[in-house]
Each structure stands twice: as C-alpha cells, then as structure tokens.
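Undergrad: coords please:
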Amino acid sequence: MPGGRLTQQERQQIALGLADGLAYAEIARRLDRPTSTITREVMRNGGPAAYRADLAHRATERRAHRRRQAAAPRGAKALPEEHGRDAEAVREYEETLTTVFIATGTPQMMARVMACLTLTDTGSLTAAELAQHLQVSPASISKAITFLESQGLVRREREEGRRERYGFDEDIWYQSMVASARSTAQVAETSRLGVGVMGPGTPAATRLENAARFLDFVAETMIHAAEQAREILHTKPEPAADDTAGPGQDRG
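TA: Numbers count the residues shown, from 1 in each chain. All right, here's what the predicted structure looks like:
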C-alpha cells in the first residue's frame, strides 16, 4: 500500500470518483489507499459536494507551508502535545474538524478557534495562546471570540489580574441546539402570522401553515432530544487513578 502524501493525480481520481457517486471505500480501493485517508482528504477540502482536485492540492501545499513556518524557531513556545499523541495526526484532525465546522456555516476563523478550543485538554486558552497556535493576529482572535460569544458557543473566564481565558462550557452543544431550536420556533411563529395576512385557505397561506406546523414539530423535537441526550449521554473524563482512602478508612 503506498504511503506519503496524495498526489495531484490521485486527487483528480478522487474528484472523478465523487462525481460518479462512488463511496469513499471504493475510491480508496481503486487508489490502494486507506479509506480514512480519502475521508479526511474530502472532508477537509469542502466535503463531497464541493471537493475540487486543484483547490485541494493547493490547500495542502499551503498547509504544509504553514507547518514549516510553525516548526521554525519562534519567540514563544508552541503548545505541547500531551498524552503521547502524534503531533502530525492531531494537526490533520484539527484541519478536518475545522472544515466540518465551516461546512455547517461557521466563518473560517471562528471555525479554527472552535476546533482549537475543542481539542485542548485544559478546557480553555488565552487569546495569546490561540493567536500563537493558529498563527494569526490578536485582532483576528478578538473578532472570532466576539462572534462565538454572540452565538453562545464560547465562555469567558477572568484569571487573577486582567488576563482572560476562553473555552467551551460543559453544555456548549446543548446550548447551541436549544438556541437553534428557538430560532426555528421563531420562524414557525412568523410563518403562522402570515396565514391571516395572506388569507386562510389560499395557496400562500396553506404553504405558511404547513411550514409552521413542520418547524414547530422540529423545534420541539430538537429541544426534547437535546435535553434527553444531555441527561443520558454526557460523560466526564475519568480522574487519574490514585489512592484516595484516608487514614483510618476501610480499604477492604
């Protein structure tokens, strides 16, 4: 099985395979590559509907250039990789996650900040740490944080002194789903208001009423599912194993 980076010719074959409706596994088989390689390549370059071989190849060259720059000696120390992780694999996964966030409609810089905060073990980072890791200006970080805060996607903490840290709440995805459901419910209510304006029974009013019923159902289902998922599925990292039994406690 060949290793190394995908070539431009392989990317063209990926684009042709996607256009023909082939599954990632079939494209991978034809190129004698792991399916994960094809999946990661497509998802970090716009997804199956937007993938373009030439754009993907140029994007890969730009990413490689940024990595070379990041590897060069700098005044500040790079964020360390912990838990024995493969630094290259982490960088590639961060790019993939960023691409998926962008595909959901999140602006690029905001998506990069979201991915960075998602993957930090500390749970939060300072603006300086974000700027250093993403190799962007503090102003870009400030703009991204302001946007994410307005969407309820990031929390702000103040340390001793004036330094602030930014991170995701435990309930960040729950809050995001609830906010989305409320927006959907607002569209439903506005659609229902239009029924009287357009005249009950008219084609336009019927269309609005159908939309209102559909969106009401979706919003209620989203909130119910989010609440159920938060209650049942939420887990926390397990604490490091240590002997917490104090003196005099029964150790069995």
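Undergrad: ok, which stretches of the stretch 151-252 of the chain are helices?
TA: In the stretch 151-252 of the chain, the helices defined using DSSP state H, counting those that start in this stretch lie at 172-198, 203-233.
Undergrad: helix 203-233 and the shortest one, what's the angle between them?
TA: When you say that, I think you mean helix 172-198. 160 degrees (axes from the mean of the first three to the mean of the last three Cα atoms, to 10 degrees).
Undergrad: what is the rounded mean pLDDT of helix 172-198?
TA: When pLDDT is averaged over helix 172-198, the result is 90.
Undergrad: cool, and stretch 38-50?
TA: In this model, stretch 38-50 has a mean pLDDT of 84.
Undergrad: now that stretch, how far from the centre of its chain.
TA: Relative to its chain's centre, stretch 38-50 lies at 14 Å (Cα atoms, centre = their mean, to the nearest Å).
Undergrad: quick one: end-to-end length of it, please.
TA: Length of stretch 38-50, first residue to last, Cα to Cα, to the nearest Å: 15 Å.
Undergrad: what's the closest non-adjacent residue to the residue nearest to the spatial centre of the chain?
TA: Residue closest to the mean C-alpha point of the chain, counted by Cα atoms, centre = their mean, is Phe101 at 3.9 Å. Nearest-residue entry for Phe101: Ala111, 3.7 Å, with adjacent residues in sequence omitted and distances by Cβ to Cβ, 6 or more residues apart in numbering. In short, each C-beta sits where N, CA and C put it, glycine included.
Undergrad: about what we covered before: secondary structure element holding the residue nearest to the centre of the chain?
TA: Using DSSP states H and E, Phe101 sits within helix 87-103.
Undergrad: many thanks, have a good one.
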